[in-house]
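# Provide a 3D model corresponding to the input given below.
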Amino acid sequence: MIGHQDVLLVTGLSGAGKSTVLKTLEDLGWEVVDNLPLVLIDRLLDAPLPVGADGRRQRLALGLGTRTRDFEPERIIQRIRQLQDMQSLSVGTLFLECSDAELERRYAETRRRHPLAPDRPASDGIARERELLAPLRDFANRLTDTTTLSAHELAQQIRTTFADRAGEPVLSVTSFGFARGLPRGADLVFDMRFLRNPHWDPALKPGTGLDPDVAAYVAADPAYEAAVSRIEELLALLLPRYRAEGKAYVSIAIGCTGGRHRSVHVAERIGRFLCDAGFSPTVAHRDLGAAPQDSLEGSPVAPLV
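Predicted structure coming up:
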């Protein structure tokens, strides 16, 4: 095996939320395999890393349940203990519990048959499964009762418990020109066309928002500091909420008319702010290489006095 790897075995009562947990872990960047026969675990752990893994092992979640081939709780526990003795692995077990009444309600609501009672009431299958899983329940180092949790609430709990930096949303800040259209897939769009435009200053027109004199001109607008600082406050509020909701990508678009001056400077400032706040944004300037055109910028406005 290559490198250290975290492994989480996810098991529990059918209908208690195993699919929700595995899907949430997958969204957090875990490699997820459901109902893998026990005899294939070693082969999976020894498999070559996928393309782009850069020598790092993804955290691995294995779904186990009564529908898993060769399912024998005592033998599974024995195998888990063997895995825990391997220095290259950190192995945990999450058991999903739920009350009988709530499981019966869920089966009735979805009109599904219990896997252990296809031709009998769900209550019979639930009782049988609870008996079979008792050793795993007692052995598990994590127990989550989903009786009062919705699927959304369970997913949030899993994100809070198991997310790390690998689970951070991919964050991008892009400057653009409205004259050339909105960026595709932008989640948050901020319009900087209320700021005075360096395009109409002959000395600044050839430059870009990356130039100190252009940046100073934009920042000297009386509305600049109050507006941009409020945008930063808004992002500081929203981004942790997006992360908690499991959003994988957040695209912030900063626009001005041509996409060369005001939006470029503000995007750079917001990128620095996000870095200082502990995020890792990618800053890009979509229209920075476009030639300045008076026809795109509209008519100049009177200077502020």
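# Make sure Asp27 is actually in contact with Lys247.
No: using CB atoms under 8 Å as the test, Asp27 is too far from Lys247 to be in contact (9.2 Å). All C-beta spots, glycine's among them, are computed from the backbone N, C-alpha and C.
# Once you drop chain neighbours, what's closest to Arg130?
Among residues not flanking Arg130 along the chain, Leu13 sits closest, at 6.5 Å (CB to CB, 6 or more residues apart in numbering).
# which residues does that neighbour contact?
For Leu13, the contacting residues are 96-98, 103, 126, 129-130, 133, by CB atoms under 8 Å, 6 or more residues apart in numbering.
# That one and Ala61, how far apart?
Leu13 is 18 Å from Ala61, where distance means CB to CB, to the nearest Å.
# do Gln5 as well
The gap separating Gln5 from Ala61 is 11 Å, by CB to CB.
# and those two? which has more neighbours close in?
Ala61 (24 against 18; other CB atoms under 10 Å).
# Would it be right to say that that one lies in a strand?
Yes: counting by DSSP: H, G, I helix; E, B strand; the rest coil, one finds Ala61 located in a strand.
# Surely it touches Leu25?
Yes: using CB under 8 Å, Ala61 makes contact with Leu25 at a distance of 4.6 Å.
# So for Leu116, what's the pLDDT?
At Leu116, the pLDDT value in this model is 89.
# That one contacts Ser123, correct?
No: in this structure Leu116 lies outside contact range of Ser123 using CB under 8 Å: 11.0 Å.
# Which of those two has more residues huddled nearby?
Between Leu116 and Ser123, Leu116 has the larger neighbour count (other CB under 10 Å), namely 18 against 15.
# which one is that one nearest to, not counting chain neighbours?
Ranked by CB to CB, 6+ apart and with sequence neighbours excluded, the top spatial neighbour of Leu116 is Gly125, at 3.9 Å.
# Enumerate every residue touching that neighbour.
By CB under 8 Å, 6+ apart, the contact set of Gly125 is 14, 114-117.
# can you give me the helices for the stretch 51-200 of the chain?
Assigned by DSSP state H, counting those that start in this stretch, the stretch 51-200 of the chain shows helices spanning 73-84, 100-110, 122-139, 151-162.
# Determine the set of other helices and strands touching the shortest one.
So the one you mean is helix 100-110. Judged by 3 or more CB pairs under 8 Å, 6 or more residues apart in numbering; DSSP states H and E, the packing partners of helix 100-110 are helix 122-139.
# what about dumping the CA coordinates of the helix it packs on to PDB?
C-alpha atoms of helix 122-139 as PDB (Å, rounded to 0.1, in the frame of the first residue of the first chain):
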ATOM      1  CA  ALA A 122     -41.200  -4.500   7.300                       C
ATOM      2  CA  SER A 123     -41.300  -4.900  11.000                       C
ATOM      3  CA  ASP A 124     -40.200  -8.500  10.700                       C
ATOM      4  CA  GLY A 125     -37.200  -7.600   8.600                       C
ATOM      5  CA  ILE A 126     -36.200  -4.700  10.900                       C
ATOM      6  CA  ALA A 127     -36.200  -7.000  14.000                       C
ATOM      7  CA  ARG A 128     -34.100  -9.600  12.200                       C
ATOM      8  CA  GLU A 129     -31.600  -7.100  10.900                       C
ATOM      9  CA  ARG A 130     -31.300  -5.400  14.300                       C
ATOM     10  CA  GLU A 131     -30.400  -8.800  15.700                       C
ATOM     11  CA  LEU A 132     -27.900  -9.600  13.000                       C
ATOM     12  CA  LEU A 133     -26.200  -6.100  13.300                       C
ATOM     13  CA  ALA A 134     -26.000  -6.100  17.100                       C
ATOM     14  CA  PRO A 135     -22.300  -7.100  17.200                       C
ATOM     15  CA  LEU A 136     -21.400  -4.300  14.800                       C
ATOM     16  CA  ARG A 137     -23.400  -1.800  16.700                       C
ATOM     17  CA  ASP A 138     -21.600  -2.700  19.900                       C
ATOM     18  CA  PHE A 139     -18.200  -2.600  18.100                       C
END
